[in-house]
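[1] below is the sequence, then the predicted model.
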Amino acid sequence: MGTQGSDEQGRGTRRRALLGAAVLGAGGAALGVPGTATAAERHGGGGYRSLPVPTIIGHRGASGYRPEHTLGAYQLALDMGAHVIEQDLVPTKDGHLVCRHENDITGTTDVADHPEFAGRRTTKSVDGVSFTGWFTEDFTLAELKTLRAKERIPGNRQRNTLYDGRWDIPTFEEVLRWAEREGKKRGKEVWLHVETKHPTYFRGLGLGLEERLAKLLRKYGKHKKNAPVFLQSFEPSSIQRLNKLVDNPLVVLLSSANSRPWDFVQAGDPRTVADLVKPEGLKWIASYAQGLGPTLDLIIPKDASGKLTRPTTLVEDAHDAGLILHPYTMRNENTFLPADFRKGTDPNAYGDVFGAFQVYFETGIDGVFTDNPDTGLLAREDFVNG
Ligand code: G3P
Ligand code: CA
């Protein structure tokens, strides 16, 4: 592992910067994290610039402990203190936006146990990949609401199956109402990080996501520059479309270096993610977005054995372009950690996730998506307090 201990100077400099900023007066007191620096102190400005850095984003809620994208998972993430809670959005047949990671709901709901929907099982090509199952766009909202959510990866997270069937599929409007309620109760805005899933695919079905999302954000007054809602997508054209509809902070997600966003594939744009992380690509992204959501491997690549190598220049290059970075995804289990942070031989046991968080934080990232917000917050305290 070439990063741990090899960047002492950078780590010391960063910690001094964070602690120095805290002396100037930080927003961290509300989190109970002494020495917290905010992006506002690093970059100036309000809105997302006022979030603590590094920002801990509850990935699909607290999905390490509850079935993902349920109000139970979102509530737990918020109760744990996550700074931001993530939603992935797909549409129903009648045009409602619901919170699911995929339109294929076979793995995260009990749809297979509903004989009345047996005839809806079908095979589709989504973004060039074939899936067989049940799909949100073939169900009305009323029909989807008869289903119950369940744990996506019971083999890894058996304990979470305790909560199978407890919650339904939330609509994004329900989440907006929940965030408003919780914000009032806490006297502090609840931040969301909202992803449009498969936007080109759904536009082709007459179910464009961006206009529906913008309409809902406007209805709840969450469409403004300083509104507590990030919008994110793997398809840059979705972010460009949102840029014309609302003023929220926008984040372009980046998959592996050799991949191409699906909208690029459809439009014949030959650029890959490797092109987008070059200074020219970053400048192009910064012309319509405020941030990047790269896979962690774009920050620190792994070698053939799965161990971390040296960080790339992406953090520095993105910051130079004026972009913040919210990479994904940290998870506590060995199987999801870099090989050098695994402990023991059980893939589902927890590894040295605190160690892994430190190495990623030391690169200068502005935040991170994690299935385990409580772990991320403690790791953040370790980092900020040196
Ligand atoms: O949106 C950030 C991260 O969630 C991207 O990955 O596949 O979990 O949506 P995914
Ligand atoms: Ca996501």
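    Great, that's in hand. Numbering: from 1, shown residues only. Ligands and ions are numbered 1, 2, ... in the order given.

[2] ligand 2 versus the closest residue to Leu337 other than its chain neighbours, what's the distance?
    Among residues not flanking Leu337 along the chain, Gly351 sits closest, at 4.4 Å (C-beta to C-beta, 6 or more residues apart in numbering). Using the backbone N, CA and C atoms, a C-beta is placed for each residue, glycine as well. According to C-beta to the ion, to the nearest Å, Gly351 stands 23 Å off from ligand 2.

[3] burial check on Gly351, number of neighbours?
    Neighbour count for Gly351, taken as other C-beta atoms under 10 Å: 23.

[4] now do the contacts for the closest residue to Tyr328 other than its chain neighbours.
    The shortest distance from Tyr328 to any non-neighbouring residue, by C-beta to C-beta, 6+ apart, is to Phe369 (3.9 Å). With contact taken as C-beta atoms under 8 Å, 6 or more residues apart in numbering, Phe369 is in contact with Ile57, His59, Glu86, His193, Gly293, His326, Pro327, Tyr328, Thr329, Met330.

[5] top of these by number of neighbours, please.
    Within the contacts of Phe369, most neighbours by other C-beta under 10 Å means Glu86, with 31 neighbours.

[6] moving C-terminal of whichever strand or helix holds that residue, what's the next helix or strand?
    According to DSSP states H and E, Glu86 maps onto strand 84-91. Of the helices and strands lying after strand 84-91 in sequence (DSSP H and E), the nearest is strand 97-99.

[7] contacts for that following strand next, please.
    By C-beta under 8 Å, 6+ apart, strand 97-99 touches 69, 87-92, 136, 141, 144, 169-173, 175, 209, 212-213, 216.

[8] please repeat the previous calculation with a cut-off of 7 Å.
    For strand 97-99, the external contacting residues (C-beta atoms under 7 Å, 6 or more residues apart in numbering) are 69, 87-92, 136, 144, 169-172, 175, 209, 212-213, 216.

[9] next structured bit after that strand?
    strand 122-126.

[10] does the helix or strand just after that following strand come close to ligand 1?
    Per DSSP H and E, the first helix or strand lying C-terminal to strand 122-126 is strand 129-133. No: Strand 129-133 is not in contact with ligand 1 by C-beta under 6 Å from any ligand atom; minimum separation 13.1 Å.

[11] adjacent strands (with direction) for strand 129-133?
    strand 122-126 (antiparallel) (DSSP bridges).

[12] quick check, the partner strand touching ligand 1?
    No: using C-beta under 6 Å from any ligand atom, strand 122-126 never reaches ligand 1; the gap is at least 13.1 Å.

[13] could we number from 52 for the rest of this?
    Sounds good: first residue 52 from here, last item strand 173-177.

[14] tell me the buried residues in that strand?
    Val177 (16 or more other C-beta atoms under 10 Å).

[15] and for stretch 389-397?
    Pro389, Asp391, Phe392, Arg393.

[16] tell me which of these is nearest to ligand 2?
    Taking C-beta to the ion as the measure, Pro389 is the one of the buried residues of stretch 389-397 closest to ligand 2, at 20.7 Å.

[17] distance of the closest one from Lys353?
    Pro389 sits 6 Å away from Lys353, going by C-beta to C-beta, to the nearest Å.

[18] which residues do these two both contact?
    Common neighbours of Pro389 and Lys353 (C-beta under 7 Å, 6+ apart) are Leu359.

[19] so Leu304, which state does it fall into?
    Secondary structure assignment for Leu304 (DSSP: H, G, I helix; E, B strand; the rest coil): strand.

[20] specify the beta-bridge partners of it.
    Following DSSP bridges, Leu304 is listed with bridge partners Gly344.

[21] write out the residues of the stretch 102-251 of the chain neighbouring ligand 2.
    For the stretch 102-251 of the chain, the contact set with ligand 2 under C-beta under 5 Å from the ion comprises Asp139, Glu246.

[22] let's see it at 6 Å
    Glu137, Asp139, Glu246 (C-beta under 6 Å from the ion).

[23] let me have those in CSV, extended by distance to ligand 1 and pLDDT.
    Shown next, in CSV, are those (distance: C-beta to the nearest ligand atom, whole Å; pLDDT from 0 to 100):
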residue, distance to ligand 1, pLDDT
Glu137, 6, 99
Asp139, 5, 99
Glu246, 5, 99
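
[24] ok, so of the residues you listed, who is nearest Asp320?
    Of all those, Asp320 sits closest to Glu246, with 20.7 Å by C-beta to C-beta.

[25] contact partners for the closest one?
    Residues in contact with Glu246 (C-beta under 7 Å, 6+ apart) are Asp139, Leu140, Gln283, Ser284.

[26] okay, the residue lying closest to Arg199 once chain neighbours are set aside: pLDDT?
    Using C-beta to C-beta, 6+ apart and skipping the chain neighbours, the partner closest in space to Arg199 is Gly216 (4.3 Å). If you check Gly216, the pLDDT there is 98.

[27] Gly216: neighbour count?
    Gly216, neighbours per other C-beta under 10 Å, totals 15.

[28] pretty sure it sits against Asp164.
    No: taking C-beta atoms under 7 Å as the contact criterion, Gly216 and Asp164 are not neighbours in contact, 9.7 Å apart.

[29] count the residues that sit near Ala169.
    11.

[30] residue of the chain nearest ligand 1, please.
    With C-beta to the nearest ligand atom, the shortest gap between the chain and ligand 1 falls at Tyr379, namely 3.8 Å.

[31] for the stretch 252-401 of the chain, which segments count as helices?
    260-270, 287-296, 313-318, 324-327, 330-337, 347-350, 365-371 (DSSP state H, counting those that start in this stretch).

[32] any chance of JSON lines for those, columns mean neighbour count and mean pLDDT?
    What follows is the helices of the stretch 252-401 of the chain, written out as JSON lines (neighbours: other C-beta atoms under 10 Å; pLDDT from 0 to 100):
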{"stretch": "helix 260-270", "mean neighbour count": "19", "mean pLDDT": "98"}
{"stretch": "helix 287-296", "mean neighbour count": "21", "mean pLDDT": "98"}
{"stretch": "helix 313-318", "mean neighbour count": "18", "mean pLDDT": "98"}
{"stretch": "helix 324-327", "mean neighbour count": "18", "mean pLDDT": "98"}
{"stretch": "helix 330-337", "mean neighbour count": "17", "mean pLDDT": "98"}
{"stretch": "helix 347-350", "mean neighbour count": "20", "mean pLDDT": "98"}
{"stretch": "helix 365-371", "mean neighbour count": "19", "mean pLDDT": "98"}
